[in-house]
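# Need a 3D model of the sequence below.
(one chain, ligands or ions: 1)
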Amino acid sequence: MSRAAVVCGLGGALPATAVTNEELAAQLDTSDQWIRTRTGIGLRYVVAPGESTSDLAVAAGERALESARRTGNDNDTEADVDLVVLATSTPDRPCPGTAPGVAHRLGLGTVPAFDVAAVCTGFVYALATAASMITAGVARRALVIGADTFSTILDPVDRTTRAIFGDGAGAVVLRAGESSEPGALLGFDLGSDGGGADLITVRAGGSRQRSTGEPPAEGDQYFAMEGRPVFTEAVINMSESSQRLLDRVGWTPADLDKVVAHQANVRILHAVGEQLGLEEKQIVVNLDRVGNTVAASIPLALSDAAAAGDLVPGHRVVLTGFGGGLTWGSAALVWPDIEPVTQP
Ligand code: COA
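The predicted structure is shown next:
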C-alpha cells in the first residue's frame, strides 16, 4: 500500500446554447449527413457573447466539489482544497493564468492555482500534475478542471473545425489516500512530439508573431488543424500510450471495462479500440452530444458515462488523450463509488 491521489468528486458544465448540425449546415457548406458519418457528432454547445472559459470552469468546479461532498467518504470539505490545476488552451486572457481567478470565485482562498496548456491532452496532464503533488505531500486535496471555449478561436467560415469543436468544462476532486482504494490513480503515461507542433495551432497572438511588430496575417488569429495527419497521430498515440500504461499497471485490454478516450471523432475512437483489440462496449462515446470539448472532453465523458450507469464502481478504466503539441497521455484507475453532478 502506498500514498496515492484518489478521485472523490466529478462534475461537468456546458454552456446554454446548443448548435445542431442542421444549424451549421444553414451557415456553411456542410450537412448533417457529412458531419455524422465523418465524425459521429450531432450537437455541440457554445458560449454566449461575453461568457468565457473561467465561467464554465467555475460551474464545473462547483459541481465537482458538490459531488465530493455527496460522496462524503472523508471528513474534508471544499475549505480543505489546497490546490487548483486548470487545463485550458483558451484562457480568459493571455496573461495571467485563469486558474487563480477560478479559485477565487470558488471561495478557495489563497491556494496555489495554475494553468496547464496541453490542448486536448490537458486534462490528463493536469491530473498527473495534481496527483504527483498529492503523492509528494505538497497538496492533500486538489480540484482539477479541464475547460475550453474553442468557439471563441474558430474561424467562422471553417466548416471542418466548426463541425468538430464545442465548449465545455469538466472537473474532478482528488484527495490523498491509498493506492489500494477504488478511485486511486494507479499510473500515468505521458508524452509529446514538438515536431508536430504545426498540425494543431493558433499561429498569431503569441511572442513569435508579436515580436515581429507586424499585425497578424489574415486568418492567423484562428485555430488551424490538419485533419488527416492529426487523425493518424491520434490513433497511434492514444493506442500506444494506453498499451504502455496497461503493461505498467499489469492489466490486459481484456481486463478493461472502459476506455475513456479524448472525444475527437468516433472513427478515431473505433480505430483505437481496434488497435487495442477492444469490443465496442468497452469504449465510452459521448461526442455525439457535445463534440470535441478539448480539455473538458475526458471529464465530461466520465460524467456522462457515470450518470448513465455505463461506468460503475469497480470498473477498470483507462483515460487516454491526444492533442496539440503534439501531446498525449493516459491514466488508469478502478472507478470509485461517486455521484457525478452535471447540468441542474
Ligand atoms: N462538411 C462537408 N465537407 C467537409 C467538411 C464538412 N464539415 N469538412 C471537410 N470537408 C471536406 C473536405 O473539404 C474534403 O473535401 P475535398 O475532398 O473536396 O477536398 C473532404 O471533406 C474530405 O476531407 P478530409 O479532411 O479528407 O476528411 P476526413 O475524412 O479526414 O475528415 C476530419 C476530416 C477533420 C473530420 C478528420 O480528419 C478528423 O477527425 N481529424 C482529426 C481531428 C481531430 O481529432 N482534432 C482534434 C485532435 S485533438
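# Now find how far off-centre the longest helix along the chain is within its chain.
Assignment by DSSP state H gives helix 227-249 as the longest helix of the chain. Centre-to-centre, helix 227-249 and its host chain are 16 Å apart (Cα atoms, centre = their mean, to the nearest Å).
# cool, stretch 319-332 as well?
Distance, centroid of stretch 319-332 to centroid of chain: 9 Å (Cα atoms, centre = their mean).
# quick check, the longest helix of the chain touching the ligand?
Yes. Part of helix 227-249 sits near the ligand under the criterion Cβ under 6 Å from any ligand atom, namely Gly227, Arg228, Val230, Phe231, Ala234. No exception for glycine: its C-beta is placed from N, CA and C like everyone else's.
# Pull stretch 264-273 out as PDB, backbone CA atoms only.
This file holds the C-alpha atoms of stretch 264-273, laid out as PDB (Å, rounded to 0.1, in the frame of the first residue of the first chain):
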ATOM      1  CA  ALA A 264     -12.300  13.800 -31.100                       C
ATOM      2  CA  ASN A 265     -14.000  11.700 -33.800                       C
ATOM      3  CA  VAL A 266     -16.000   8.500 -33.400                       C
ATOM      4  CA  ARG A 267     -13.800   6.900 -36.100                       C
ATOM      5  CA  ILE A 268     -10.700   7.700 -34.100                       C
ATOM      6  CA  LEU A 269     -12.300   6.000 -31.000                       C
ATOM      7  CA  HIS A 270     -13.200   2.900 -33.000                       C
ATOM      8  CA  ALA A 271      -9.700   2.700 -34.600                       C
ATOM      9  CA  VAL A 272      -8.100   3.000 -31.100                       C
ATOM     10  CA  GLY A 273     -10.400   0.200 -29.900                       C
END
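# which residues are in contact with it?
With Cβ atoms under 8 Å, 6 or more residues apart in numbering as the test, stretch 264-273 has contacts from 38-41, 120, 164, 231, 234-235, 238-239, 242, 259, 261, 263, 278-280, 282-283, 285, 287-288, 292, 297, 320, 322.
# Just the buried ones among these, please.
38-41, 120, 164, 234-235, 238-239, 242, 259, 261, 263, 278, 282-283, 285, 287, 292, 297, 320, 322 (16 or more other Cβ atoms under 10 Å).
# So which of these are in helices?
Filtering these for helices - DSSP H - leaves Arg38, Thr39, Ile164, Ala234, Val235, Met238, Ser239, Ser242, Leu287, Ser297.
# from those residues, which is closest to Ser67?
For these, the closest approach to Ser67 (Cβ to Cβ) belongs to Ser297, at 18.4 Å.
# how close does the residue lying closest to that closest one once chain neighbours are set aside sit to the ligand?
The shortest distance from Ser297 to any non-neighbouring residue, by Cβ to Cβ, 6 or more residues apart in numbering, is to Gln263 (4.6 Å). Distance, Gln263 to the ligand, using Cβ to the nearest ligand atom, to the nearest Å: 9 Å.
# can you pull the contacts of Gln263?
Leu269, Val285, Asn286, Leu287, Val290, Gly291, Asn292, Thr293, Ser297, Ile298, Leu300, Ala301.
# and if you look at Asp304?
Gly12, Val284, Asn286, Arg289, Val290, Thr342.
# next one: Ala4
Per Cβ under 8 Å, 6+ apart, neighbours of Ala4: Ala131, Ile134, Thr135, Ala176, Gly177, Glu178, Ser179, Glu181, Ala184, Leu185, Leu186.
# coming back round to it: adding distance to Asp92 as columns, could you present the residues of helix 227-249 next to the ligand in a markdown table?
Shown next, in a markdown table, are the residues of helix 227-249 next to the ligand (distance: Cβ to Cβ, whole Å):
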| residue | distance to Asp92 |
| --- | --- |
| Gly227 | 28 |
| Arg228 | 32 |
| Val230 | 26 |
| Phe231 | 30 |
| Ala234 | 28 |
